[in-house]
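**Student:** only geometry, no sequence info:
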Ligand SMILES: Nc1ncnc2c1ncn2[C@@H]1O[C@H](COP(=O)(O)OP(=O)(O)O)[C@@H](O)[C@H]1O
Ligand SMILES: O=P(O)(O)O[C@H]1O[C@H](CO)[C@@H](O[C@H]2O[C@H](CO)[C@@H](O)[C@H](O)[C@H]2O)[C@H](O)[C@H]1O
């Protein structure tokens, strides 16, 4: 294929993508787990930038346009059009081992009669991507950078992680993991910004970025981060489900997890110092939560009958005036899937925040209670994800986690019941939206919490 086959001057902004490829992507994108625009038919796919990484392997940023931009801006609703990162392979014949990665055969334009596939599944493409990261430099609008103190060996065998993810991750030789962001938003991604800042702080709870790559077009944005792979680690969700299945307690683990969370919060507060002269106001926070609830009710009507009960949590927060704890940078999407345990040590990963929220919002300072609430919701998720439900198991985890947090942070999240309840309610509303969009079978799990939280109305 000629090098210029897909090249258009990417500085000119969105350009119509070669028709046949656009057609293929229109059908393929909505089927991907990481596609954020589910439920909103894609009307067009346009090219934002194309970079040939090597012959037959194209790095693409594409923009999707949608039929019906939602009339409301709910927390789980992406803006009317979105930008996605793709690595496409192009071959005359696709070997059977790559059959599952096929996007389709182009029938027009310079790619006519060639098969296009998702090259993250191709070890050759994945290996070459690692080589780019090992050697800092540029390729078109792409810029590859690394921490020169970290040695990344050459020739590490890649494998695409088979996890239910918002992005795509490649593991190299069980030594490094490259997370490739799929939905791209302008600005630095907190999943690069925060772990780098924590590493500078000497915090060992978070794997430090070894290399990363960005784009300068259409705007500056982070595209991927390579970090050490914790090969002996198991994620907290798997551990919690194992413990439930065996009828075991999880309180020791939860206590240690509380300590780890507090340690990360303390490191975040040092890494991102803020002006604490004006404590955060609760009323605007309560209003924002209430508006998110309104939008969620419009998207998921099952929430409607519980809306007044849920809102009482936000009202109770709103009347409190200023918050007792200062706001700071936080994790933003903390749950049991974001913590990994190796031996006795809990590590925290994925500082991207809730993927559906705008980047600027995810990088804002917020109450650390929001992360605590996220983890408490996760204990409830685990307890409710299997029969018989074990609410008392979750309650014991909750107490242990808060006690562990208090031991490290020297303040106890349970001393802020209104804030905690409001954040748990806000998180449950987010989860309802998330599940309705991505995993409808799971909707009963957060809906059970919604019923409980609404019934707790004061
Ligand atoms: N440093 C790491 N070491 C070991 N496993 C990891 C590491 N980082 C991520 N993982 C695994 O990859 C999965 C997905 O990573 P995550 O950052 O949560 O991606 P996403 O934001 O796409 O969901 C995690 O659930 C975890 O199992
Ligand atoms: O890990 P991500 O950044 O992709 O987070 C999203 O997906 C999570 C599910 O994979 C989702 O988490 C919800 O389900 C978990 C169990 O699978 C549970 O532990 C969490 O408590 C619950 O919120 C998360 O909300 C979403 O942002």
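**Tutor:** Received it, and whenever you're ready, just let me know what you need. Here the structure is a predicted model, which is why all the values come from computation and not from measurement. Numbering: from 1, shown residues only. Ligands and ions are numbered 1, 2, ... in the order given.
**Student:** Mind pulling up the pLDDT for the residue most central in space within the chain?
**Tutor:** Nearest to the mean C-alpha position of the chain, by C-alpha atoms, centre = their mean, lies residue 355 at 4.4 Å. Here the pLDDT value assigned to residue 355 is 81.
**Student:** Same check on residue 235?
**Tutor:** Looking at residue 235, its pLDDT stands at 97.
**Student:** count of neighbours near residue 269?
**Tutor:** Residue 269 has 20 neighbouring residues, counting by other C-beta atoms under 10 Å. Glycine gets a C-beta too; all of them are placed from N, C-alpha and C.
**Student:** For it, pull up the helix or strand it's in.
**Tutor:** Assigned by DSSP states H and E, residue 269 belongs to helix 251-271.
**Student:** Would you mark the buried spots in that helix?
**Tutor:** 251, 253-269, 271 (16 or more other C-beta atoms under 10 Å).
**Student:** So for residue 370, what's the nearest residue that isn't a sequence neighbour?
**Tutor:** Counting by C-beta to C-beta, 6 or more residues apart in numbering, residue 423 is the residue found nearest to residue 370 once chain neighbours are left out, at 4.9 Å.
**Student:** So the one you found sits against residue 373, correct?
**Tutor:** Yes. Residue 423 is within contact range of residue 373, at 3.5 Å (criterion: C-beta atoms under 8 Å).
**Student:** Between those two, point out the one with more neighbours.
**Tutor:** Taking neighbours as other C-beta under 10 Å, residue 423 and residue 373 compare with residue 423 leading, 26 against 23.
**Student:** Could you pick out the residues of the stretch 251-400 of the chain near ligand 1 for me?
**Tutor:** Selection of the stretch 251-400 of the chain residues close to ligand 1 by C-beta under 6 Å from any ligand atom yields 337, 338, 340, 349, 350, 352.
**Student:** Could you report the neighbour count for the last one?
**Tutor:** Other residues within reach of residue 352 by the criterion other C-beta under 10 Å amount to 24.
**Student:** which SS class is it?
**Tutor:** Secondary structure state of residue 352, per DSSP: H, G, I helix; E, B strand; the rest coil, is coil.
**Student:** how about the residues of the stretch 251-400 of the chain next to ligand 1, which pair is most distant?
**Tutor:** Farthest-apart pair in these is 340 and 352; separation 15.6 Å (C-beta to C-beta).
**Student:** hang on, the earlier thing: which strands and helices sit next to the helix holding residue 269?
**Tutor:** helix 190-200, helix 236-245, strand 339-342, strand 345-348, helix 369-384, helix 391-409 (3 or more C-beta pairs under 8 Å, 6 or more residues apart in numbering; DSSP states H and E).
**Student:** Determine which stretch of these is the most buried.
**Tutor:** Highest mean neighbour count among the helices and strands packed on helix 251-271 (mean count of other C-beta atoms under 10 Å): helix 369-384, with a mean of 25.
**Student:** Can you name the residues that contact the residue nearest to residue 187 when sequence neighbours are not counted?
**Tutor:** Spatial nearest neighbour of residue 187, chain neighbours left out: residue 359 (4.7 Å); criterion: C-beta to C-beta, 6+ apart. Shown in contact with residue 359 (C-beta atoms under 8 Å, 6 or more residues apart in numbering): 185, 186, 187, 189, 190.
**Student:** Angles on the backbone of residue 359, please.
**Tutor:** Dihedral angles of residue 359 (phi, psi; degrees, to the nearest 10) stand at phi -60, psi -40.
**Student:** how much space is there between it and residue 395?
**Tutor:** 35 Å (C-beta to C-beta, to the nearest Å).
**Student:** Equivalent analysis for residue 130, please.
**Tutor:** From residue 130 over to residue 395 (counting by C-beta to C-beta), the distance is 45 Å.
**Student:** burial count for the one residue in the stretch 1-150 of the chain that gets nearest to ligand 1?
**Tutor:** Residue nearest to ligand 1 within the stretch 1-150 of the chain (C-beta to the nearest ligand atom): residue 34, separated by 7.0 Å. As a burial measure, residue 34 scores 18 neighbours (other C-beta under 10 Å).
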